[in-house]
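Peer 1: A structural model of the following input is requested.
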Amino acid sequence: MTPDEDRIAQPYEAFDTVEALLRRLHRALNARDLDAIVACYAPDARFADNLDGGVVEGLEAVRGHFIRLFEAVRLEISLLDHALEPDGRVKARIHVVTRGLGGGLWQDGEITVRYRLEHGLIAEQDVDDGGRAS
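Peer 2: Residues are numbered from 1 along each chain as shown. Next comes the predicted model:
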């Protein structure tokens, strides 16, 4: 079986498990707890680097991404809701307050993040901030 066939054959994550993972991730982000953040991602996690461009791939790169993020901003994140999409990804609506390190407000609004999970961990994510971060 190819990796894609294996992924498709995996049963969907239990919905309560998905919510627990997302809440754990958001608590870790709010606390700036790098170890807890990285623990939410699969070893081969991969996503677009919206900070520096390119791609974040693997746990060390995930850690580095969030180190750079925390060097630039302070986040307050809360999960509004989430739903399973037909392709198996989880679509989460998230309220985000982003402040510069000096406390100035940069963003206060909703974003959408689509997650692909593998074995209860985030394998991929796609952040749609509605163009506010550009």
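Peer 1: when you work out contacts or count neighbours from here on, use the C-alpha atoms and nothing else.
Peer 2: Fine.
Peer 1: go ahead and confirm Asp69 touches Leu51.
Peer 2: Check again: residue 69 is Leu, not Asp. Yes: using CA atoms under 8 Å, Leu69 is in contact with Leu51, at 7.3 Å.
Peer 1: these two: who's more crowded?
Peer 2: Taking other CA atoms under 10 Å, Leu69 and Leu51 do not tie; Leu69 has more neighbours (16 against 12).
Peer 1: and that one, helix, strand or coil?
Peer 2: Recorded secondary structure, Leu69: helix (DSSP: H, G, I helix; E, B strand; the rest coil).
Peer 1: toward the C-terminus, what is the element adjacent to the host helix or strand of Ala20?
Peer 2: Secondary structure from DSSP states H and E places Ala20 in helix 15-31. Going down the chain from helix 15-31, the next helix or strand is helix 34-38, by DSSP H and E.
Peer 1: what comes up buried for the lengthiest strand in the chain?
Peer 2: Identified as the longest strand of the chain according to DSSP state E is strand 105-118. Buried residues in strand 105-118, defined by neighbour count with 16 or more other CA atoms under 10 Å: Glu110, Ile111, Thr112, Val113, Arg114, Tyr115, Arg116, Leu117, Glu118.
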